[in-house]
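Undergrad: Sequence and predicted structure below; questions after.
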Amino acid sequence: MYVSTNILIHALKDLAFLHPFYGITYLVCKKHGLPISSTQEFPINSAETAFLEEHYKPIRETEKFFRVFRSSDKQKYWLNNDYASSGSQATRTQMFAEAFIHSKNSSSWGWTRDYIGVLERHLNSKKIPAYSLAFWMLKDRLWQDAPSADDILKTFWKEYSISKPEIRVLFDTEEPNWLNGEGIVTKSKYDWGRISSELKIPPPADLPVEKDGALVSLGVRNIEPYKDFSLKLSSRLNIITGDNGLGKSFILECAWWMLTGHWTNFAIYPKSENPKHKPALLFELSGKAGRTESFKAEYSWKTQSWIFDKKNRKTIPGLAIYAQVDGAFSIWDPARISSEDYTNGASRAILNFTRDDVWNGLRIDEGNRSRSIFNGLITDWVHWQNSNSKSFEVLRKVLKRLSPPDRPHADLGVLEPGTIGRIPGDSRPMPTIKHSYGETFLVYASAAVKRIVAFAYLIVWTWEEHQTAAQLARENVQSKMVIIADEIESHLHPQWQRIILPALTLIARDLNDSLDIRFIGSTHSPLVMASIEPLFDEDTDSIFHLNLEQEKGANSTVIVETPEFEKRGSADSWLTSNVFDLGQPRSIEAEEAIEEAKNLQKQKAPSKDAIINTSKKLLDLLAPHDTFWIRWNYFAEKHGVELS
C-alpha cells in the first residue's frame, strides 16, 4: 500500500508556503544525526543532493528536483541539480547561520544549543504541517498493511529522529480537516500526471520526449453529419452509447488514429469541402510527467489524407490495443520505435491482425525469405502451457477474470485451460478449454468464448512482448495502456455481459500493479450499463451518448451528450433512460397497446367498448405479471369493466 494521490495533492497545497530549509536541510541533518553543541565531519552538499534525488524527483527522466516549498517565487516549480551547493548553501550559511556551528570553508557541522529557537523564529509564527510533510516524505514507502495517518506520522518522527521539543515547538500536529473521508493509502504508487494536472504544475524544461502518453481529449470540427464536439476522456472508463449509424465506431477509429497516426482501414473522409471551415480533428496527449500537448489535424484534399505536425512533439502515446467488432485487433507498442521513427510515421510500432491472424499467426515476406512476426494464439498457447511459462500463468489469471459468472448450475463457468490435443486434418497441437460437460478444442468453441479468449490472449501477448521490446531497447516499460473495444458485449450471454466491463477495470492487477489501463469502448447493452453502477466514479469514469439533433431548416446532425450518471437499478430502467431512448422495455405491439390504454385513461368519459377492446389487446400482448396491469385493472373496474 502507498500514500494515495489525493492525499499528496492536499499535502502539497499545505506545504507550498513553507521555506525549503525545513523540508530539505533540516531533515537531512536530522537523518544523519547532526550533534548539538559540537561538530562532526559532514559532507552536507552531497548528502542534500542524494536526499533530493530520493525524495524530490517524481520525474526520473529530468535532472531537476521538484520545488515543493515555494515561499518566495511561487511560480518556480523546479530546482536545478546544483541546488544543494548553490541556493541551499547560501540559506544555510546566511539566513539560518545562527542554527549551526560551522567554520567557513570547512566540512564540519553541528547544531547550536538554541537551534530550535532559531528555526522557530524563521517560521514567523507559523508551524510545519506535520501530517503533510510526513505524507510527502514517505510517499514511496510500501506499507504491508493499511496504515492510519497517525501510523505514518509516527514513522516519520522515528525515521528522522525528531525530538519531542522539536515536535512541540516547530510542528503543527493537528490532523488536517481534509483527511476526513479521504482514503489514505492505495494499492499503487501516486500518479504524478494527475497531481501535476490538478495543481497546474508545468513539466521541467529539460524533460525529454516521453513514451507514456495518454489520450485525454478528442474533438471533431466540420465533418458532416457530426456537429462540432469535444470529448474530455476520463482516466478509467469511457463508455460511448447511441443508436446504430450515429458514429460510435467513428469515434473509436478517430481515437486510434490520434494515438497512432494510422487508420485500421479506410481513413475518415469528409463529405464536403468548405474553404472557410476546414475539416479538423483535435486531440490532446498527456504524459506521466503532467505535460499536455494539443494537436490539430486538417484534411488535405490534395493528398487526401489527414496532416498534422509531429516534428516538435514531446509526448508519444503508451501501449494501446484496439479490439474491433469483427474479431480483428490492432496493437500499438512505442517500445518498438525511437522518437525519430514516430515523427517519420512509426509503422513498426503498429501490428494489425485479422481474426484469422489472431488464431494462426502472421508471416511477412522480405525478399527471398519469410519472417514470422506473430505466432498466433494456437501456437503461443501450446508453447506457454507446455513450458509452464510465466506468460501462461498470467493468461490463466486474465481468462479467469474475464470469465462468465461461476455460479451453481452455470452452463459455462470459469474459462480454464484444458489438456493439449490434436484434431483431424491439422498437424499442430491444439489447446482446449474446460466446460462443465468436458473439454472442447478452442477452434470449436462458441463465438463468445472465442472472442473473450482472443481478447485475453492479445492483452497478455501485448504486455509480454512489450516488456521484451523495452528490454531490448534498454527502455523502461510503459505505465499506461489504452484498451479500445467496439461493442464489448458482442456474442455474450446476458450473464456474461454483466461482468465483462467491471472485469476489464481490474485486469491490470493480473499484468502489473503499476500499470494504468484506460478503457474506451462502445455498447448497446443495458446490462453492461447496469453492471458499472457499483463501481462508477465521476472522477474516473464518463458516459458519452450520441444523439440526433434537428436544426431548423437544416439536416439532422449528430451531437455528443454527456448525461449525468445515475443508478437505475434494472436493465429495463436503462432501456427507457435517455441513454437508450426506448419508450417501453416490451415488444412494439405491446408498447402501442399500452400507449392506447394511457390515452384512454386521459379521457374524461372513455367508452366502455373502447376499454373492452383495449383490454383484449393487453391480454394478448402483456404477461400476467406485467406491472401495467395494476394500473389498468383499477381503471377498467372504475368504469364498469371487469377483467377475468
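TA: Nice, thanks for sending it over. Numbers count the residues shown, from 1 in each chain.
Undergrad: can you confirm Asp513 is in a helix?
TA: No. Inclusion of Asp513 in a helix is not indicated when DSSP: H, G, I helix; E, B strand; the rest coil is applied; the result is coil.
Undergrad: Which secondary structure state does Trp580 sit in?
TA: Wrong residue type there; residue 580 is Phe, not Trp. Quick answer, by three-state DSSP: Phe580 is coil.
Undergrad: nope, Glu63 is what I was after
TA: Assignment for Glu63 (three-state DSSP): coil.
Undergrad: Tell me the spacing between the residue nearest to it when sequence neighbours are not counted and Cys254.
TA: For Glu63, ignoring the flanking residues on the chain, the nearest one in space by CB to CB, 6 or more residues apart in numbering is Asn81 at 4.5 Å. C-beta coordinates here come from the backbone N, C-alpha and C atoms, glycine included. Distance check for Asn81 against Cys254: by CB to CB, to the nearest Å, it reads 41 Å.
Undergrad: Please apply the same query to Ala610.
TA: Taken as CB to CB, the span from Ala610 to Cys254 is 52 Å.
Undergrad: Who has more neighbours out of those two?
TA: Cys254 (23 against 16; other CB atoms under 10 Å).
Undergrad: And the host helix or strand of that one, what does it pack against?
TA: Following DSSP states H and E, one finds Cys254 within helix 248-260. Here helix 248-260 touches strand 210-221, strand 237-242, strand 280-286, strand 319-323, strand 329-332, strand 480-485, strand 516-522, strand 541-550, going by 3 or more CB pairs under 8 Å, 6 or more residues apart in numbering; DSSP states H and E.
Undergrad: mind putting those strands in CSV, distance to Val394 and mean neighbour count included?
TA: Below are the helices and strands packed on helix 248-260 laid out as CSV (distance: least, CB to CB, whole Å; neighbours: other CB atoms under 10 Å):
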stretch, distance to Val394, mean neighbour count
strand 210-221, 21, 22
strand 237-242, 23, 24
strand 280-286, 28, 21
strand 319-323, 15, 25
strand 329-332, 17, 23
strand 480-485, 14, 23
strand 516-522, 14, 22
strand 541-550, 26, 18
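Undergrad: Which of those strands sits closest to Lys126?
TA: Distance to Lys126, taken as CB to CB, is lowest for strand 280-286 among those, at 34.6 Å.
Undergrad: Poorly predicted segments of the stretch 351-500 of the chain, please.
TA: Applying pLDDT under 70 to the stretch 351-500 of the chain picks out residues 407-411.
Undergrad: Please parse this structure into its domains.
TA: Structurally, the chain divides into domains by automatic domain parsing as follows: 2-198, 210-575, 588-638.
Undergrad: mind listing the helices for the stretch 51-200 of the chain?
TA: 87-90, 115-122, 130-137, 149-159, 164-170, 192-198 (DSSP state H, counting those that start in this stretch).
Undergrad: Do you have the strands of the stretch 251-400 of the chain handy? List them.
TA: Listed in chain order, the strands of the stretch 251-400 of the chain (DSSP state E, counting those that start in this stretch) span 280-286, 292-300, 305-307, 315-317, 319-323, 329-332, 350-353, 362-366, 369-374.
Undergrad: Phi first, then psi, for the residue nearest to Glu63.
TA: phi -70, psi -10 (degrees, to the nearest 10).
Undergrad: what number of residues lie near it?
TA: Neighbours of Asn81 (other CB under 10 Å): 17.
Undergrad: List the residues that contact it.
TA: Thr49, Glu63, Lys64, Phe65 (CB atoms under 8 Å, 6 or more residues apart in numbering).
Undergrad: cool, and Gly33?
TA: Counting by CB under 8 Å, 6+ apart, Gly33 has contacts Ser161.
Undergrad: wait, is it part of a strand?
TA: No. Under three-state DSSP, Gly33 falls outside any strand and is assigned coil.
Undergrad: What residues does the closest residue to Ser542 other than its chain neighbours make contact with?
TA: In space, and not counting its chain neighbours, Ser542 is closest to Ser234: 4.2 Å by CB to CB, 6+ apart. By CB under 8 Å, 6+ apart, the residues touching Ser234 are Arg518, Asp539, Thr540, Asp541, Ser542.
Undergrad: Correct me if wrong: Thr557 contacts Leu548.
TA: Yes. Applying CB atoms under 8 Å as the test, Thr557 and Leu548 come out as touching, 7.4 Å apart.
Undergrad: I'd like to know which of the helices of the stretch 51-200 of the chain is closest to Ser436.
TA: Here helix 192-198 is closest among the helices of the stretch 51-200 of the chain (CB to CB), at 43.9 Å.
Undergrad: Pull the residues that contact the closest one.
TA: Against helix 192-198 from outside (CB under 8 Å, 6+ apart): 5, 8-9, 12, 58-59, 201-203, 214, 235, 286-290, 292.
Undergrad: in the sheet, who's paired with Leu548?
TA: Val558 (DSSP bridges).
Undergrad: Where does pLDDT dip in the chain?
TA: Using pLDDT under 70, the chain drops low at 181-182, 273-275, 310-311, 338-347, 407-411, 551-554, 644.
Undergrad: re earlier: how about the helices and strands packed on helix 248-260, which one is nearest Tyr457?
TA: strand 329-332 (9.5 Å).
Undergrad: Parallel or antiparallel, list what pairs with the closest one.
TA: strand 319-323 (antiparallel), strand 350-353 (antiparallel).
Undergrad: coming back round to it: quick one, which of the helices and strands packed on helix 248-260 gets closest to Ala571.
TA: Per CB to CB, nearest to Ala571 of the helices and strands packed on helix 248-260: strand 237-242, 13.7 Å.
Undergrad: hmm, who's touching that closest one?
TA: For strand 237-242, using CB under 8 Å, 6+ apart, the contacting residues are 231, 248, 251-252, 501, 505, 518-524, 528-529, 532, 536, 540-547, 579-580.
Undergrad: 7 Å - rerun?
TA: For strand 237-242, contacts defined as CB atoms under 7 Å, 6 or more residues apart in numbering pick out 248, 251, 505, 519-523, 532, 540-547, 579.
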